[in-house]
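J.: 3D model of this:
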Amino acid sequence: MIARLRRKKTQAVAVPLEGERIVVRPSRPSIPSVAICSLATGQHRKLLAESGPTLLELGERLGWTVVLSCELLSTRPTSWSKLKLIESLLGEFEFVFWIDADAIVVDLSANILGDIGPDSDAWFVRHPQQRREDQSVLNAGVFLVRRSAFVADLLDAIWKQDDLIDHNWWENAALLRLLGFSLEPTYERVADSPWMARVSELDLRWNSVPEYCESPRPAINHHARADHGLFERRLKAMQADRIAVMGPASTALPIRSAGDSTRLRKATN
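T.: Residues are numbered from 1 along each chain as shown. Predicted structure coming up:
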């Protein structure tokens, strides 16, 4: 089930039920068309509740649609579902900006389209492994893609790496292997790859990981590494970011449950 909302109905915006998504349209859509999307299931919906207000605010400022999903779009581990969500959105939008549920916008003046050029179709940030800059790989926690035959083929090729379904990096491992990276330390490029022709790197500010690989001027803080196994500490760090960005009166998005009597209303086009 998909609920579509106009931005003026933000009082109705909530983290959707498991298996559902919401699509929030801006009051003044941009050209080119852009969708910001994120997905979470289980307890990670609490993280999406913290990042959601910043995604909605960024979307309204830039005229971008925001898609919040709590869908499992395959039988694979949840992280793989991002590929199916992005594929579905590229049928409508020229650009899709993926942001993991544990990543939160901390600079609402930033526009990622100002950091890209015409010669690529997919953009990722490079992260060091074991804090070593000489052992760094592209990270699929925050990335941008442009609608093109290249991206359609890349997403399909990533999906087909089914021997990596349960790799601890999931679809990120599949991406790296396609791009010619080793999945073992020291993670160097071990092969040339035709996929690199339309892939470019973004500045670290778009996927800055606090206490691990931080940008001095982050646009997005990705709470993916610090205290990864301590969920409540990670959640509190995101809460602090939300308050710093949105103000002390801000609140997280409410999280819908199966027992809710309130239902999101579909907006008329």
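
J.: from here on, contacts and neighbour counts on C-alpha atoms
T.: OK.

J.: give me the low-pLDDT residue ranges for this structure?
T.: Low-confidence segments of the chain (pLDDT under 70): 1-11, 130-134, 225-229, 259-269.

J.: those strands in it, which residues are they?
T.: Here the chain has its strands, by DSSP state E, at 2-6, 21-25, 34-39, 65-69, 95-99, 103-105, 122-129, 132-146, 199-202, 220-222.

J.: show me what contacts the spatially most central residue of the chain?
T.: The centroid of the chain falls nearest to residue 99 when counting by C-alpha atoms, centre = their mean (1.5 Å). By C-alpha atoms under 8 Å, 6 or more residues apart in numbering, residue 99 lies in contact with 36-38, 141-143.

J.: now it: how far from residue 67?
T.: Using C-alpha to C-alpha, to the nearest Å, residue 99 is found at 10 Å from residue 67.

J.: shared neighbours, these two?
T.: For the pair residue 99 and residue 67, residues contacting each of them under the criterion C-alpha under 8 Å, 6+ apart are 36-38.

J.: coming back round to it: redo the strands of the chain as TSV? Include distance to residue 81.
T.: Putting the strands of the chain into TSV (distance: least, C-alpha to C-alpha, whole Å) gives the following:
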stretch	distance to residue 81
strand 2-6	16
strand 21-25	13
strand 34-39	8
strand 65-69	10
strand 95-99	12
strand 103-105	17
strand 122-129	18
strand 132-146	13
strand 199-202	21
strand 220-222	19
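
J.: nearest to residue 238, of those?
T.: Put simply, out of those the one that sits nearest residue 238 is strand 103-105, at 7.0 Å, with distance taken as C-alpha to C-alpha.

J.: next, the buried residues of the closest one.
T.: Within strand 103-105, the residues scored as buried using 16 or more other C-alpha atoms under 10 Å are 103-105.

J.: within the sheet, what are the partner strands of that strand, with directions?
T.: Looking at strand 103-105 with DSSP bridges, its partner strands are strand 220-222 (antiparallel).

J.: centre of the chain versus the strand it pairs with, how much separation?
T.: Centroid separation for strand 220-222 versus its chain: 10 Å, with C-alpha atoms, centre = their mean, to the nearest Å.
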